[in-house]
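Colleague: Could you work out the structure for the sequence below:
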Amino acid sequence: MRRWGAPTSPFHATPERVERFRADNRVGERISGTFLGWDAPGIGWVNFQGTKLLASMASRPEVGTRLHFLVKQLFPDIILQELSPSGLPGTFPLLQRLWTEQNRLEASLASLWSSVTPGNDHREQAQSQAQNETPNTAQDWTRCLAARLAAWRKLLNQHPEARQVLHRLNAALEPINTELAARGIGRFFALPWLSDRVRGAGLLLGGAPVHPGQRASGTSAPQAVFTCTHPTLGQMEIHFVLPNPHLGPHPDSQLGPQLGPQLVWALHLDLKALPSRTIASVSDWLQRAFSRLESGALFFQGVRPLPPDNHSGLLPRLLLASTAGRPRLHIKV
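Modeller: Numbering: from 1, shown residues only. Sure thing, here's the model as predicted:
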């Protein structure tokens, strides 16, 4: 297992990272972190939603393992409480296996994308378009998606070892989807072909349950949820909803009655952790990008806050929320 020295480590916990962690989390919240490697005996680096900090651990996790913690204290020291798998629902080992395989695949893909993409031309074009233009036709999005999938197929054909890791990831997904189906939630699909842009991308078809308080406002459960961690925006979810006609129009939908049920979508971000100007910029670009209703009647509802327990992620929120978990040891970072 690779080890890093603290003074020269690329994950050195700067004051800015510590403050970011405090801004992103609240006492009493559950958060998940990915184990990166050891710094010293019993002390390892953990990635908490993009913030990499040291943690003392009695367990010996494999690199890439996702661990769960309870935030006990943020000031003057950050104190977390590791949640033991024995105190979590039976689905926790299934999630750990999925996260490990997902991390392993994304790590292996990091050095392979350059072999199937023409440099950074596609990134520069996308950035220029985001800043100066508006992708205003469905054909633009279709061509972009087709090119991305073609590059993904080429990568798998050129690198059989990546295909093998992908098979392991899909195998880890099978018991997860069995549990989701048993709860009547839906089916989850990993999207590793986005790994050079975002981390942990996946699509839940069938949607996530809506909290009872939301139904009173006329909101239906989402039919699909896209989730990932963006390098700038952090953890994000996109909820696609077909409003229930029996509940009446949603007050924020701005849809005329003559249009009938529309497939609407909203971008969910951690609004407390992002500058307001960043949120406004993203919202403005998306409004321009989806300003016209195409034949598919897709309507953008705007930027919303992430659902409760957002720091645990989509799948833990659905599969682990029913059990509080039993703490095993205190961890200070």
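
Colleague: Now do the spatially closest residue to residue 313 that is not a sequence neighbour: how many residues are near it, please.
Modeller: Excluding its sequence neighbours, the residue lying closest to residue 313 (C-beta to C-beta, 6 or more residues apart in numbering) is residue 32, at 6.0 Å. Quick note: C-beta positions are derived from backbone N, CA and C, even for glycine. By the criterion of other C-beta atoms under 10 Å, residue 32 has 22 neighbours.

Colleague: Could you pull out the buried residues of the helix or strand hosting residue 32?
Modeller: Here residue 32 sits within strand 30-40, counting by DSSP states H and E. Neighbour counts over strand 30-40 (16 or more other C-beta atoms under 10 Å) mark 30, 31, 32, 33, 34, 35, 36, 38, 39 as buried.

Colleague: quick one: the first one and residue 69 touch, right?
Modeller: Yes - using C-beta atoms under 8 Å, residue 30 is in contact with residue 69, at 7.1 Å.

Colleague: Overlap of the contact sets of the two?
Modeller: Each of residue 83 lies in contact with both residue 30 and residue 69 under the rule C-beta atoms under 8 Å, 6 or more residues apart in numbering.

Colleague: Secondary structure class of residue 62, three-state.
Modeller: Classification of residue 62 using DSSP: H, G, I helix; E, B strand; the rest coil returns coil.

Colleague: So that it lines up with my notes, have the first residue be 29 from now on.
Modeller: Fine by me, first position is 29 from now on; the one you just mentioned is residue 90.

Colleague: mind listing what it touches?
Modeller: Residue 90 sits in contact with 63, 128, where contact means C-beta under 8 Å, 6+ apart.

Colleague: Now do it, the pLDDT please.
Modeller: On the pLDDT scale, residue 90 is placed at 81.

Colleague: Report the residue spans of the stretch 129-278 of the chain with pLDDT below the cut-off.
Modeller: By pLDDT under 70, the low-scoring segments of the stretch 129-278 of the chain are 146-166, 238-248, 271-278.

Colleague: quick one: the helices in it?
Modeller: For the stretch 129-278 of the chain, the helices defined by DSSP state H, counting those that start in this stretch occupy 149-160, 166-186, 188-210, 240-243.

Colleague: tell me, what residue is most central in this protein?
Modeller: The centroid of the chain falls nearest to residue 256 when counting by C-alpha atoms, centre = their mean (2.7 Å).

Colleague: Next one: that one from residue 224, what distance?
Modeller: Using C-beta to C-beta, to the nearest Å, residue 256 is found at 12 Å from residue 224.

Colleague: Beta-bridge partners for the residue nearest to residue 87 when sequence neighbours are not counted, please?
Modeller: Spatial nearest neighbour of residue 87, chain neighbours left out: residue 110 (7.4 Å); criterion: C-beta to C-beta, 6+ apart. For residue 110, the beta-bridge partners are residue 97, residue 357 (DSSP bridges).

Colleague: Could you check the pLDDT of residue 110?
Modeller: Predicted confidence (pLDDT) for residue 110: 75.

Colleague: Verify the stated contact: it with residue 95.
Modeller: Yes - shown here, residue 110 and residue 95 form a contact pair, counting by C-beta under 8 Å, at 6.5 Å.

Colleague: Neighbours of residue 173, how many?
Modeller: By other C-beta under 10 Å, 11 other residues sit near residue 173.

Colleague: now residue 206
Modeller: Other residues lying near residue 206 total 11 when counted by other C-beta under 10 Å.

Colleague: Likewise for residue 43?
Modeller: 7.

Colleague: For it, list the residues it contacts.
Modeller: Contacts of residue 43 (C-beta under 8 Å, 6+ apart): none.

Colleague: Distance check, it against residue 49.
Modeller: Separation of residue 43 from residue 49 (C-beta to C-beta): 11 Å.
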